[in-house]
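Chemist: What shape does this take:
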Amino acid sequence: MRNIKLTLAYDGAGFHGWQSQPGMPTIQGAVGDVLRKITQEELVVHGASRTDAGVHALGQVAHFKTHSLLPAGEFQRALNALLPPAIRVVAAEEVGMDFHSRWQAQGKTYRYRIFRGGVLPPFDHRRALHYSGSLDEDAMAAAARHFEGEHDFTTFAASSGGEDEDRDRETVRVIHSSEIVHEPGREEIAYVVRGRSFLRYMVRKIVGTLIEVGKGRLAPVDIPQLLEARDPGRSGPTVPPDGLYLVSLEYPDPTDSLASFPSRRSARSRS
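Modeler: Okay, the predicted model is just below:
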């Protein structure tokens, strides 16, 4: 048995997210279907992040276990030959049997694009949020920094789908960096955030709140109060998925001892 790690980039506009769903086009479903054709095995593809419908990725990480002797590079070539053009395998490598793309991820970086020009280029349709109105970008930048550190993000989380799950879930998250950046040479800004893990719709609700700050409906000093309130009804709107990109995942150095990896149980509670 071998363990193959994949790094994937995809345009999520035409897919119903990462996770396989019966009768729906998904990233996990597409990759899994092709791998089963290549290997003739009933294998399962595990992904680091369950990106939602319409969300894109530049550096999603996945893995699968197989009895196939095909080299990792050949898996990459075969997958790219058979997958739809909206999904590309940018890297493939054989890793230790202990590697798990989801449970061992120690950090994620997301980017949300906001196009500020008067006319959204057709190439950015469903790939960026278009907002050409007046925004105080300095205030947005100041507000973004208030999300850094360890906080309870209940205010910025969507329901998980059930009352019991919402009541029992862990809502404290650690954000390492949170900033508004300008895209060089473009009429565009982006929100870039890096953290250990994120709640459902958390980044999109933060962006909606930052836009409210930019419009003057909220002030940067309001962010700590919103965090303290732990009330999902008080955040800004949830922006569309179009502008959201999973940029990269972080993992421990493979030369470190296995003791450095989080356990499956602890990783599950923070994902």
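Chemist: Just give me the neighbour total for Gln106.
Modeler: 14 (other Cβ atoms under 10 Å). Glycine gets a C-beta too; all of them are placed from N, C-alpha and C.
Chemist: what's the burial count for the residue lying closest to it once chain neighbours are set aside?
Modeler: Ranked by Cβ to Cβ, 6 or more residues apart in numbering and with sequence neighbours excluded, the top spatial neighbour of Gln106 is Glu250, at 5.0 Å. Glu250: 16 surrounding residues under other Cβ under 10 Å.
Chemist: so what's Glu250 up against?
Modeler: Listed by Cβ atoms under 8 Å, 6 or more residues apart in numbering, the contact set of Glu250 reads 105-109.
Chemist: give me that answer again for 10 Å
Modeler: Contacts for Glu250 were tallied using Cβ atoms under 10 Å, 6 or more residues apart in numbering; they are 48, 59, 61, 104-109, 176, 194, 196.
Chemist: Quick check on those residues: which are buried?
Modeler: With burial judged by 16 or more other Cβ atoms under 10 Å, the buried subset of the contacts of Glu250 is 48, 59, 61, 104-105, 108-109, 194, 196.
Chemist: Mind putting these into JSON lines with pLDDT, secondary structure and distance to Gly17?
Modeler: Output for the buried ones among the contacts of Glu250, formatted as JSON lines (pLDDT from 0 to 100; DSSP: H, G, I helix; E, B strand; the rest coil; distance: Cβ to Cβ, whole Å):
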{"residue": "Ala48", "pLDDT": "97", "secondary structure": "coil", "distance to Gly17": "14"}
{"residue": "Gly59", "pLDDT": "97", "secondary structure": "strand", "distance to Gly17": "17"}
{"residue": "Val61", "pLDDT": "98", "secondary structure": "strand", "distance to Gly17": "16"}
{"residue": "Gln104", "pLDDT": "95", "secondary structure": "coil", "distance to Gly17": "22"}
{"residue": "Ala105", "pLDDT": "95", "secondary structure": "coil", "distance to Gly17": "18"}
{"residue": "Lys108", "pLDDT": "97", "secondary structure": "strand", "distance to Gly17": "16"}
{"residue": "Thr109", "pLDDT": "98", "secondary structure": "strand", "distance to Gly17": "19"}
{"residue": "Arg194", "pLDDT": "98", "secondary structure": "strand", "distance to Gly17": "22"}
{"residue": "Arg196", "pLDDT": "93", "secondary structure": "coil", "distance to Gly17": "21"}
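Chemist: wait, which of those residues is closest to Phe147?
Modeler: Sorting these by distance to Phe147 puts Arg194 at the head of the list, at 10.9 Å, by Cβ to Cβ.
Chemist: That closest one bridge partners, please.
Modeler: Thr109, Ser177 (DSSP bridges).
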